[in-house]
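# with the sequence up front, the predicted model follows.
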Amino acid sequence: MSEPSTIEKAGGGVATYVDQRVGSNKFLARNLGKVFPDHWSFMLGEIALYSFIVVLITGTFLTFFYKPSMIEVVYDGSYVPLKGILMSEAYASSLDISFDIRGGLLIRQMHHWAALIFIAAMAVHMFRVFFTGAFRKPREFNWLIGVVLVTLGLIAGFSGYSLPDDLLSGTGLQITRGIAQAIPVIGTWATFLLFDGQFPGSDFISRLYSVHILLVPGLILALVTVHLMLVWTQKHTQFPGPGRTNENVVGYPLMPVYMAKAGGFFFIVFGIIALIGGMVTINPIWIFGPFMPDQVSAGSQPDWYMGFLDGALRMMPNWETNLFDWWTISWNILIPAVIVPGILFTGLALYPFIEAWVTGDKKEHHLLDRPRNNPTRTGFGVMAITFYGLLWIGGGNDIIATSFDLTINSITWFLRIAIFVIPPIMFVVTRRICLGLQRRDRDKLLHGYESGRILRLPHGEFIEVHEPISIKDKAVIMSKTDITPLPAPERRDSAGVRNKRYHLQNVQHKLSGFFYAENIAKPSAAEIEAAEHHVAHEVALEAPLHAYEDADQINTFHGGVLHHPGMPQTNAEQLAERAQH
Amino acid sequence: MSDLTPHDSHANAPERLGYSPVADVPHALRMADTDPKAARRAERQVAAMFMLSMLLTIAFVVGYMTIDKTSIIYIPVFGDVGTSTFVLGLTLGAAIFLIGAGAIQWAKKLMPDVEVVQDRHDLASPASADQEALANYDRGKAESGFARFKLIRRTLIGALALFPIALLIPLRDLWTAPAGSPSPADLLSVTLWHEGLRIVTDPNLMPIKPEDLPIGGLVSGIPEDLEEVQELEGNMNARTKAAIILVRMDPSDIRAQQGDGWDYQGILAFSKICTHVGCPIALYEQRTHHLLCPCHQSTFDLADAGNVVFGPAARRMPQLPIGVDEEGFLVARSDFAEPVGPSFWERG
Ligand code: HEM
Ligand code: FES
């Protein structure tokens, strides 16, 4: 231990002062050395968190200058083309932020870019969690929180996008009003309540404003906090590898490595957002002009995360039901804008519970699945992404039509069919690929990997030398848990009593067969031992060829540094060595 | 950092903190682990990044104070950009980025890169805690008499269930109906148009003579008195419903109209607001007489009574009957016969 410096002594004094009032040292004692596993994909959630913080910081700055008012004013700022034009105060103040407040455009664009990155990072983070099975027990709550966060992110983004009250965002609101109005029974009234009467009214922007800067960010902040607290107490999952089990965490301690890396990464994300915000224009509202309900904005595109809704609306045939000529049910709007997204998000939220039920699995899982080892889940994931992707393509069908010289009609018809055909095909294909990869893993375990070296044996036979796979590969492949499908339920038990839950259990049995029946089983310990023996034998056959090499001189090459014999090589050896200093 | 053993603070900590290195995994030493010079170099690198960050922050302040906000600069790849935004973004971004890059470099080069193991512990509480919780619950239940005092229990539940209504009810006044309390559906079903009201061009507000509009031509129109509507939001609400387009086609091309003779010498007036979800429309293809909505591509055939020929809209585009007044200017002959804009429940 080195002598504490003056600053450290002062810090210690503060720590004691605080501890005597809130008991914080107990927390520090337990957690400064907390171990976090490392993997690039764990940074996705971090990106989401950091970009959200940037959104909060930049958003607060914007509130000081933005005016959430639809009162009409005459623009008199320094953007010449719009001088003298009648517009809402909201739009005028957004122009002021962009042209008359130094750094204003930078902050506005940082806010917008950070929002886009926030939502994209959440989505990709969610994919990571899904495909690795990180949502399994005990992390189901965090999955649910995540689904709510994504939804709130969409609302936050959309409400923010609408605030500048430019022509594009106003058209977005006009569409929102059309969708709200389509809701059966209460839609018309609900729309009037939302907009304080008819569209656009004079209140909507200020109402949206409190949703955008208070309600939604408040909820997001609260949920993110719970989300992180759960990650903390449950400890992070880890990818399989040597020495990693379901009962431990392998990684770096919070202080100092993880603190430096995660803390540093915050500044990296923040810095990159500032760079993009300064250099890449986003949402140039001054080009669109002020909102006019009867002015067209051809080729208008919403922010990327809303594209799927637009695509769904475009793809839908024009079905509508008239009940007794009194009432209207607009299926053409309800199905794409309400029902399909509803099913998508409900399915997403329920998936962990469905899978656990199908599997009959009640164990805790801290070691991540490789996507290939759960082919049905992976297939579902790819299927859902394909479905979403097709909707999204639908949202850009006009761009596709002009760039590829197709008619919009043919693209729309293609998509109307494709949306039912392609996702299931992707499901089947993905599953096949996963099973193929499983088979390859099994072969690798049993036969080593093919070295590409052909050896002629003394009796004339040719063999290809197989080399044993590395410790790491072996640990990764061996991490797979074989899941057997649930057995078929009995109609009556041995005493002849009727099984009341037979039908439900039968469904469960069928589904679990669908999930797992085709999985490739991992080889048994005995098989592996026999196989290793065989591989060792092949390598031994080759050994005489290397006899001329002086064994003592062989250096191994690890990640850029030569290891000489006798140098500490393993983690254990290195740490032991350091402890001696 | 005077001595060059960067790991000293950490080296003997693992055991004490309850974790240990992963055994038997080959691990590469870094240059900075074995070579004091390399470690020194890494230290200087990290410090240089932090230093540069400070300079960039100063550059940001200088840029903020000196650059004219209207100045434009040409930057290759980016084109003409606002100088202020560009310089501020560059300096701020790089200043922040370098703090992060320095910290990560520090962690990568100079902090231990040896992975360690820590045990997980059961998440579920031990049985003793379960029992204690249950015992406490039972005691609380008995002491409160929650099970015994049925009347209290039921009235409490009733009170809790009812009071949120009082919080929701005031939302009713998010909208107050104007004088005469028309319903939302009534309001959506009327526009400014009425018999004899002149159509003027938008945005020039010029009344229109039939001969001003050539065959194949299209103009946007609004009611002459629209500008007189003065609400807080200006005349936006009225405009949303009353905006129309006028097209002129060869009368022999007109196959059907929504009412007999609703055109005037081949000039037809239709609402400009899409019946799907309400985008304004103005993409008109004069050869096919198709009107295309840019939002979801609903296509209406104006030569065939505005019927939908493609896309998600379920309703035809409402037509406005027109004629001319004594001075020969185009006027409406009545309001629309059906509500304009997106469908709604009470529309029937
Ligand atoms: C929760 C996540 C949030 C997201 C996804 C988000 C997203 C957005 C987006 C996309 C815009 C449009 C920006 C433009 O191009 O003008 C915007 C505008 C705005 N946001 Fe946010 N925002 C969030 C949180 C916040 C917070 C917490 C605040 C304030 C404390 C805030 C304040 C504002 C303001 C004042 C505007 C209007 C700026 C203008 O019109 O120039 N936002 N937001
Ligand atoms: S609003 Fe016109 S097609 Fe959707």
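Yep, it's here. Residues are numbered from 1 along each chain as shown, chains lettered A, B, ... in the order given. Ligands and ions are numbered 1, 2, ... in the order given.
# and the helices in the stretch 101-250 of chain B, which stretches?
Read by DSSP state H, counting those that start in this stretch, the stretch 101-250 of chain B holds these helices, from start to end of the chain: B:127-144, B:150-168, B:184-188, B:236-242.
# mind checking these for the one nearest to residue A:433?
Residue A:433 lies closest, by CB to CB, to one member of these: helix B:127-144, at 45.4 Å. Just so you know, the C-beta spots here come from the backbone N, C-alpha and C atoms, and that holds for glycine as well.
# pLDDT on that closest one, on average?
Here the mean pLDDT over helix B:127-144 is 94, rounded to a whole number.
# do the same with stretch B:204-212
According to the model, stretch B:204-212 has a mean pLDDT of 92.
# ok, residues contacting it?
Residues external to stretch B:204-212 that are found in contact with it (CB atoms under 8 Å, 6 or more residues apart in numbering or on different chains): B:198-201, B:219, B:221-222, B:224, B:227, B:246, B:264-265, B:267, B:324, B:328-330.
# stretch A:240-250 now?
Residues external to stretch A:240-250 that are found in contact with it (CB under 8 Å, 6+ apart): A:35-37, A:235-236, A:238, A:364-368, A:370, A:471-472, A:475-476, A:478-479, B:22-25, B:115-120.
# outline the domain layout of the chain.
Defaulting to chain A. For chain A, whose domains are defined here by automatic domain parsing, the residue ranges read A:1-34, A:450-472+A:526-580.
# was after chain B, sorry
As assigned by automatic domain parsing, chain B contains the domains B:5-117, B:189-347.
# minimum distance to residue A:79: which of those has it?
Going through these one by one, with CB to CB as the measure, domain B:5-117 comes closest at 9.2 Å.
# below-threshold pLDDT in chain A: ranges please.
In the predicted model of chain A, residues A:1-2, A:297-300, A:542-581 satisfy pLDDT under 70.
# how does it look with 80?
Scanning chain A with the threshold set as pLDDT under 80 gives A:1-2, A:296-302, A:447-468, A:531-581.
# helices and strands around the top helix by length along chain A, which ones?
Of all the elements of type helix in chain A, the one with the most residues (DSSP state H) is helix A:408-447. Here helix A:408-447 is seen to pack against helix A:307-315, helix A:375-395, helix A:397-404, helix A:471-478, helix A:525-542 when contacts are counted using 3 or more CB pairs under 8 Å, 6 or more residues apart in numbering or on different chains; DSSP states H and E.
# tell me which of the domains of chain B lies nearest to ligand 1.
Counting by CB to the nearest ligand atom, ligand 1 lies closest to domain B:5-117 out of the domains of chain B; the figure is 13.5 Å.
# report the rounded mean pLDDT for that closest one.
Taken as a whole, domain B:5-117 has a mean pLDDT of 84.
# and it with ligand 1, contact?
No - for a cut-off given as CB under 6 Å from any ligand atom, domain B:5-117 has no contacts with ligand 1; the smallest distance is 13.5 Å.
# for the residue in the stretch 301-450 of chain A that ligand 2 sits nearest to, which residues are in contact?
Each residue of the stretch 301-450 of chain A has a distance to ligand 2, by CB to the nearest ligand atom, and the smallest belongs to residue A:313, at 6.1 Å. Taking CB under 8 Å, 6+ apart as the definition of contact, the neighbours of residue A:313 are A:175, A:333, A:336, A:337, B:276, B:277, B:295, B:296, B:312.
# report pLDDT for the fifth one.
Per-residue confidence (pLDDT) for residue B:276: 94.
# about what we covered before: now flag whichever of the contacts of residue A:313 is closest to residue B:63.
Distance ranking of the contacts of residue A:313 against residue B:63, using CB to CB, places residue A:175 first at 40.3 Å.
# list the contacts for the closest one?
For residue A:175, the contacting residues are A:313, B:277, B:278, B:279, B:295, by CB under 8 Å, 6+ apart.
# roughly how far apart are the closest residue to chain A within the stretch 151-300 of chain B and residue A:448?
Scanning the stretch 151-300 of chain B for proximity to chain A using CB to the nearest CB identifies residue B:277 as nearest, at 2.7 Å. Using CB to CB, to the nearest Å, we find residue B:277 at a distance of 62 Å from residue A:448.
# please say which of these two ends up with more neighbours.
Between residue B:277 and residue A:448, counted using other CB atoms under 10 Å in any protein chain shown, the more crowded position is residue B:277 (29 against 21).
# are we agreed that that one is in a helix?
No - secondary structure of residue B:277 (DSSP: H, G, I helix; E, B strand; the rest coil): coil, not part of a helix.
# my guess is it meets residue A:173, correct?
No - under the criterion of CB atoms under 8 Å, residue B:277 is not in contact with residue A:173, lying 10.9 Å apart.
# one step back: ok, the residue of the stretch 301-450 of chain A closest to ligand 2 to residue A:354 distance?
Separation of residue A:313 from residue A:354 (CB to CB): 29 Å.
# stretch B:81-101 near chain A at all?
Yes - Stretch B:81-101 lies within reach of chain A by CB under 8 Å from any CB of the partner chain, at B:81-82, B:84-90, B:92-101.
# so which of these sit within helices?
B:84-90, B:92-101.
# how far away is residue A:418 from residue A:223?
Taken as CB to CB, the spacing of residue A:418 relative to residue A:223 amounts to 35 Å.
# one more: residue A:489?
Taken as CB to CB, the spacing of residue A:489 relative to residue A:223 amounts to 39 Å.
# and the end-to-end length of stretch A:307-323?
Start to finish, the residues bounding stretch A:307-323 are 32 Å apart (CA to CA, to the nearest Å).
# ignore what I typed, I meant stretch A:514-532.
Across stretch A:514-532, the terminal residues are separated by 33 Å (CA to CA).
# how far off centre is that stretch?
31 Å (CA atoms, centre = their mean, to the nearest Å).
# one more: stretch A:110-121?
Relative to the chain's own centre, stretch A:110-121 is displaced by 14 Å; criterion: CA atoms, centre = their mean.
# got the contact list for it?
Where contact means CB under 8 Å, 6+ apart, the residues beyond stretch A:110-121 that reach it are A:44-45, A:47-48, A:51-52, A:54-55, A:58-59, A:62, A:150, A:153-154, A:156-157, A:160, A:269, A:273-274, A:276-278, A:280, A:282-283, A:303-305, B:89.
# can I get the buried part of those as one PyMOL selection?
When burial is assessed using 16 or more other CB atoms under 10 Å in any protein chain shown, the buried subset of the contacts of stretch A:110-121 is captured in PyMOL by this command:
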select buried, (chain A and resi 44+45+47+48+51+52+54+55+58+59+62+150+153+154+156+157+160+269+273+274+276+277+278+282+283+303+305) or (chain B and resi 89)
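# does the strand or helix carrying residue A:105 come close to ligand 1?
With secondary structure defined by DSSP states H and E, residue A:105 is part of helix A:104-131. Yes - with CB under 6 Å from any ligand atom as the threshold, helix A:104-131 lies in contact with ligand 1, specifically through A:108, A:111, A:112, A:115, A:118.
# turn those residues into a markdown table, columns for neighbour count and distance to ligand 2.
What follows is those, written out as a markdown table (neighbours: other CB atoms under 10 Å in any protein chain shown; distance: CB to the nearest ligand atom, whole Å):
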| residue | neighbour count | distance to ligand 2 |
| --- | --- | --- |
| A:108 | 25 | 28 |
| A:111 | 25 | 29 |
| A:112 | 23 | 25 |
| A:115 | 25 | 25 |
| A:118 | 26 | 28 |
